[in-house]
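[1] Would you be able to build a 3D model of this:
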Amino acid sequence: AQARDLPRDLMRDPISWLEKCVKGEEDDRSPRGAAGALPRIPTGAQLTQFLSALSEAPAELVARAVGSGPTLSGNQSPWNRRRRRQLARGNVLVHLFSGAQKGEDWPGQVLLVEKEKGCDLLRPGVCEYLQGLAVTGAVKGVLAGPPCRTFSRLRNAPTPGGGPRPLRGATGQALWALEGLTQAEKELVDGDSVLALQTMLLLALAHVGRRIHGDTVEGMQPCSVYTAIEQPQDPRLYLPVEAAKDLPSMFRLQGWETLLRSLKLIKVHFNQGDLGHDNVKPTTVLTSSVPVALQITGQPPREGPMPARFDRERATLRERIQHSRGAAKWAPGLVAVLWNGWSSWQVANLSTVKEDFNLHKEMSNMGLGVLELGWSSRRKVESFRSPQGAAAASSSADVARASRPRQGAAAASSSADVARASRRSEFVCGCCQS
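    This is a model prediction of the structure:
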């Protein structure tokens, strides 16, 4: 019933419909291309329609994610006027759910959004300000690891003495919440769903804002925003069918599937243990950067013995909680790759953008509807050839071309970068911390 009330062009192409709203093509009062003109801010009702079409989420969750709608004032946000003026200048990397990360030595302006630092996305005024900032084109990058605690497959693992029970199903409406939850469980699962929806909305608005108010180089890119969205890998990709049939995954939400296709994001599967993490951690990252995707999958498997597997069955509850907090951190090698990807995005010029665009197009034409790379599907990557015999996308030549330094940026796999990332970061994925 909700879908029948939405415009047909919105249902057909939500991103294009949102771009029309921001451009003001359907409002004669909106300035069109006037120098220095303020951007048109879509209304809360328009964003509600957009997010409903994008995600097919329950109406009450969409309403909470949109809030009162985008604003440029930011009076209710946790950032003071001086900081907001700095952010308005642009070149902002928004890192949602940033954990203990400080971000001093990242290029550009890094805006860390973390509940523990007083920046709660669920608090009125916070998400609305970020939405307004994105519409202006000031947001050039989005990093996020939305909370995965309610999606975690560990909720389905038998634990002595009991443990948190499953809160979500594998598909359909059950993916948003199972029936029969207590009030506290329902509040937790709805809150995490709203955070996922807010991440989708911010990415879409940032993309549209950059396309309208950004430079011409970014207009060539399928996604005009540097993007890296991290989550645990879908259990269906590495567990037996029977074992994974009832397990949820955040990337199975409809909104992510739509953004993946519309913005031509690359889905990268890998093990963070190969990038310096202390644990075997199957991970998926959605990224707009071809170099980031190929640098991650171009990393050789970790040498030497893997760390001892944590024995959850014998561990106490306190030990399990402590282990989960450590496991949530991003691997130093992953941080290094993302840092280099953002650095390269700063100095992108016409030739490098063309090179990445053509490589992405070449790879996409080789038989995969949604571009997926990863060690877990290495056979698919290694046989990534066109019928005419084009070189495999995962070949060493392609990896070298995609990851070579630009304007002096060092290769992400260098030991110096990994060491610097270790000192610089306490990135976390937002999961398992409670």
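[2] Below-threshold pLDDT in this protein: ranges please.
    1-4, 25-39, 100-104, 158-162, 215-221, 299-313, 317-318, 320-326, 348-434 (pLDDT under 70).
[3] Please enumerate the strands of it.
    Assigned by DSSP state E, the strands in the chain fall at 92-96, 109-113, 139-144, 226-232, 266-271, 282-287, 372-374.
[4] okay, those in CSV with distance to E128 next?
    Heads up, the C-betas are built off the backbone N, CA and C, glycines and all. Formatted as CSV, the strands of the chain follow (distance: least, C-beta to C-beta, whole Å):
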stretch, distance to E128
strand 92-96, 14
strand 109-113, 13
strand 139-144, 14
strand 226-232, 21
strand 266-271, 30
strand 282-287, 24
strand 372-374, 34
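[5] As JSON lines, those strands with distance to P58 and mean neighbour count would be great.
    Shown next, in JSON lines, are the strands of the chain (distance: least, C-beta to C-beta, whole Å; neighbours: other C-beta atoms under 10 Å):
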{"stretch": "strand 92-96", "distance to P58": "22", "mean neighbour count": "24"}
{"stretch": "strand 109-113", "distance to P58": "24", "mean neighbour count": "20"}
{"stretch": "strand 139-144", "distance to P58": "21", "mean neighbour count": "26"}
{"stretch": "strand 226-232", "distance to P58": "21", "mean neighbour count": "25"}
{"stretch": "strand 266-271", "distance to P58": "25", "mean neighbour count": "24"}
{"stretch": "strand 282-287", "distance to P58": "23", "mean neighbour count": "23"}
{"stretch": "strand 372-374", "distance to P58": "29", "mean neighbour count": "23"}
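[6] Mind checking those strands for the one nearest to Q86?
    Checking the strands of the chain against Q86 by C-beta to C-beta gives strand 109-113 as the closest, at 6.4 Å.
[7] Neighbouring strands of that closest one in the sheet, and parallel or not?
    strand 92-96 (parallel) (DSSP bridges).
[8] okay, the angle between the strand it pairs with and strand 226-232?
    10 degrees (axes from the mean of the first three to the mean of the last three C-alpha atoms, to 10 degrees).
[9] returning to what we had before: nearest to R81, out of the strands of the chain?
    Relative to R81, the nearest member of those by C-beta to C-beta is strand 109-113, separated by 15.1 Å.
[10] Dump that closest one to PDB, keeping only the CA atoms.
    Provided in PDB are the C-alpha atoms of strand 109-113 (Å, rounded to 0.1, in the frame of the first residue of the first chain):
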ATOM      1  CA  GLN A 109      38.400  17.600   7.100                       C
ATOM      2  CA  VAL A 110      37.400  14.400   9.000                       C
ATOM      3  CA  LEU A 111      34.100  14.600  10.900                       C
ATOM      4  CA  LEU A 112      34.000  11.800  13.500                       C
ATOM      5  CA  VAL A 113      30.400  10.900  14.500                       C
END
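[11] outside of it, which residues touch it?
    The contact list for strand 109-113, computed with C-beta atoms under 8 Å, 6 or more residues apart in numbering, reads 86-87, 89, 91-98, 101-103, 119, 121, 126, 130.
[12] Now intersect these with the helices, please.
    86-87, 126, 130 (DSSP state H).
[13] who wins for most neighbours among these?
    Each of those was scored for neighbours by other C-beta atoms under 10 Å, and L130 scores highest at 30 neighbours.
[14] And the closest residue in space to it that isn't next to it in sequence, how far from V290?
    Spatial nearest neighbour of L130, chain neighbours left out: L202 (5.8 Å); criterion: C-beta to C-beta, 6 or more residues apart in numbering. L202 is 22 Å from V290, where distance means C-beta to C-beta, to the nearest Å.
[15] before we move on, what about L122?
    From L122 to V290 the distance is 34 Å (C-beta to C-beta).
[16] Ok, H269 next?
    H269 sits 16 Å away from V290, taking C-beta to C-beta as the criterion.
[17] Over to L72?
    For L72 relative to V290 (C-beta to C-beta), the value is 33 Å.
[18] Look at these two and report which has more neighbours.
    V290 (25 against 16).
[19] Now that that one has come up, it's in contact with I266, right?
    Yes - counting by C-beta atoms under 8 Å, V290 touches I266, with 6.9 Å between them.
[20] correct me, but the residue nearest to L130 touches L96?
    Yes - in this structure, L202 is within contact of L96 by C-beta under 8 Å, at 7.4 Å.
[21] and for the two, which residues touch both?
    V142.
[22] contacting residues around the spatially closest residue to G118 that is not a sequence neighbour?
    Excluding the flanking residues, the one nearest G118 by C-beta to C-beta, 6+ apart is P78, at 4.9 Å. P78 makes contact with 118-119, 126, according to C-beta under 8 Å, 6+ apart.
[23] from these, which single one is nearest H277?
    For these, the nearest to H277 is C119 (25.9 Å; C-beta to C-beta).
[24] Next up, the contacts around that closest one.
    78, 112-113, 126.
[25] Ramachandran coordinates for it?
    When read as degrees, to the nearest 10, the backbone of C119 gives phi -110, psi 80.
[26] So which bits of the longest helix along the chain are buried?
    What stands out as the longest helix in the chain, according to DSSP H, is helix 183-213. If you call a residue buried by 16 or more other C-beta atoms under 10 Å, then helix 183-213 has these buried ones: 185, 188-212.
[27] where's E114 relative to L96, distance?
    In terms of C-beta to C-beta, E114 sits 8 Å off from L96.
[28] which one is A138 nearest to, not counting chain neighbours?
    Nearest one to A138, counting by C-beta to C-beta, 6+ apart, is G90 at 4.4 Å.
[29] quick one: that neighbour from V142, how far?
    G90 is 14 Å from V142, by C-beta to C-beta.
[30] Next: T227.
    6 Å.
[31] so what sits against both of the two?
    By C-beta under 8 Å, 6+ apart, the residues touching both T227 and V142 are L203.
[32] what's the distance between the residue nearest to A138 and G69?
    For G90, the distance to G69 - C-beta to C-beta - is 22 Å.
[33] Same check on Q198?
    Per C-beta to C-beta, Q198 is found 13 Å from G69.
[34] Check Q254 too.
    The gap separating Q254 from G69 is 22 Å, by C-beta to C-beta.
[35] V268 now?
    Counting by C-beta to C-beta, the gap from V268 to G69 is 33 Å.
[36] Then V62?
    On the measure of C-beta to C-beta, V62 and G69 end up 12 Å apart.
[37] out of the two, which sits in the busier spot?
    Ranked by neighbour count (other C-beta under 10 Å), V62 and G69 place V62 first, with 24 against 16.
[38] Tell me who's in contact with that one.
    V62 makes contact with 48, 51-52, 55, 197, according to C-beta under 8 Å, 6+ apart.
[39] That concludes my questions; thank you for your assistance.
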